[in-house]
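Peer 1: Pasting a predicted model and its sequence here:
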Amino acid sequence: MKKIFQVIGFITLLLFTFTYTNKITSVIKENDDLLKQIEDIENQYIIEPINAVIKDNTIIAGISGSKINVKESYKKMKKIDEFNTNLLVYESIKPEISVLDYYDKYIIKSNKNEVSLLFLVEQNNNIEKILNILNNYEIKATFYVDGNWFENNNEKIIDLIEDGHTIGNLGYNYSYNVNGISWMNTIVTKIGNQKYTYCYIEEENEDILKICKNNNSYTIIPNIIVKNNPLITIKQNLEKGSIISLKINDTTLNELPLIIEYINSKDLNIVNLEEFIG
């Protein structure tokens, strides 16, 4: 019995010590000039989010806001015991209406000062030349791949994700079924660790939207769909938040550097879909 009381006493002492230490730490922090400096500017660095815009069955992605993470900022500055705005740590503020909450809407654009390039990878396409051009410009894009190409290039899929590109799902010859979309999405998310998955259509299709929604995939309808004359088409239609789809062919390869330079000249960032809707 004596041992039991000793154990209880020891545990009680530990709990008291832990609680007391935490209280002391809190008091020290509350009176820490460095912490106060961070808290004093906290409200000055808030960027409010912008809600997504829903119209009928479509949605235009909004913009996440940001605010200072006081705790993490304090930790970084405390290491050098000096206030430095370059060491501020930020955290995201999700909009009240976020595109990420709507699998049942067609994503058609974004409110961001960005553009997303989608390359449609059909069964026999070789994407190496496209990748070389993107790498030269340090650009990340989205590759929508056909199921047959996907089957034969599993390792390449993972490499693309690891290199910062996004993989979209074209189904088999642009046709989606439950089994096909499920296993492709599993490889992309479970093995490739891609956060979201994406379907592709060029006009509204309720059947495809339902399949994609049931598999937690976002359905994209680009607002610029290039059939011929890529550069001319993009020049005539480019705007902030555009989603541009491109076939992989000789014309696209020849004009892609000019397309990238034109988009850059408009002060628009080119990003993959993960960043575009996130």
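Peer 2: In hand now; what should we look at?
Peer 1: When you work out contacts or count neighbours from here on, use the C-alpha atoms and nothing else.
Peer 2: Noted.
Peer 1: what residues go with each domain of the chain?
Peer 2: Domain segmentation of the chain under automatic domain parsing yields 1-31, 37-101, 103-277.
Peer 1: possible to save these as CSV with mean pLDDT and mean neighbour count?
Peer 2: Formatted as CSV, these follow (pLDDT from 0 to 100; neighbours: other Cα atoms under 10 Å):
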stretch, mean pLDDT, mean neighbour count
domain 1-31, 47, 11
domain 37-101, 95, 16
domain 103-277, 96, 18
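Peer 1: give the contact list for residue 174.
Peer 2: Contact analysis of residue 174 by Cα atoms under 8 Å, 6 or more residues apart in numbering lists 146, 200-201.
Peer 1: Return the member of those residues nearest to residue 260.
Peer 2: Distances from residue 260 to the contacts of residue 174, taken as Cα to Cα, are shortest for residue 200 (22.2 Å).
Peer 1: Settle this for me: the closest one is touching residue 169, isn't it.
Peer 2: Yes - counting by Cα atoms under 8 Å, residue 169 is a contact partner of residue 200 at 6.9 Å.
Peer 1: hey, what's in contact with both of these two?
Peer 2: Shared contacts of residue 200 and residue 169, defined by Cα under 8 Å, 6+ apart, comprise residue 144.
Peer 1: all helices for the stretch 51-200 of the chain, in order.
Peer 2: Using DSSP state H, counting those that start in this stretch, the helices found in the stretch 51-200 of the chain span residues 70-80, 128-136, 147-152, 154-162, 178-186.
Peer 1: Name the residues that touch the shortest one?
Peer 2: In this case it means helix 147-152. Counting contacts by Cα under 8 Å, 6+ apart, the residues outside helix 147-152 that touch it are 121-124, 157, 169-173, 180, 184.
Peer 1: now, among those residues, which is nearest to residue 262?
Peer 2: When the contacts of helix 147-152 are ranked by distance to residue 262 (Cα to Cα), residue 121 comes first, at 23.3 Å.
Peer 1: Quick check: bridge partners of that closest one?
Peer 2: residue 145 (DSSP bridges).
Peer 1: now it: how far from residue 155?
Peer 2: Computed as Cα to Cα, to the nearest Å, the residue 121 to residue 155 distance reads 15 Å.
Peer 1: quick one: contacts for residue 238?
Peer 2: By Cα under 8 Å, 6+ apart, the residues touching residue 238 are residue 224.
Peer 1: go on, residue 142?
Peer 2: Here residue 142 is in contact with 116-119, 165-168, 272-273 (criterion: Cα under 8 Å, 6+ apart).
Peer 1: again with residue 110
Peer 2: Here residue 110 is in contact with 60-62, 240-242, 276-277 (criterion: Cα under 8 Å, 6+ apart).
Peer 1: Kindly recompute the last result at 6 Å.
Peer 2: The contact partners of residue 110, taken as Cα atoms under 6 Å, 6 or more residues apart in numbering, are 60-61, 241.
Peer 1: could the contacts of residue 142 go into CSV alongside distance to residue 196?
Peer 2: What follows is these, written out as CSV (distance: Cα to Cα, whole Å):
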residue, distance to residue 196
116, 15
117, 17
118, 15
119, 17
165, 12
166, 9
167, 9
168, 9
272, 12
273, 9
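Peer 1: Among the residues you listed, which one lies nearest to residue 101?
Peer 2: Lowest distance from residue 101 to these (Cα to Cα) belongs to residue 273, with 15.5 Å.
Peer 1: all strands of the protein, in order?
Peer 2: Applying DSSP state E to the chain gives strands spanning 53-55, 58-61, 65-68, 90-93, 106-110, 114-121, 142-145, 166-169, 197-200, 217-220, 224-225, 243-247, 269-271.
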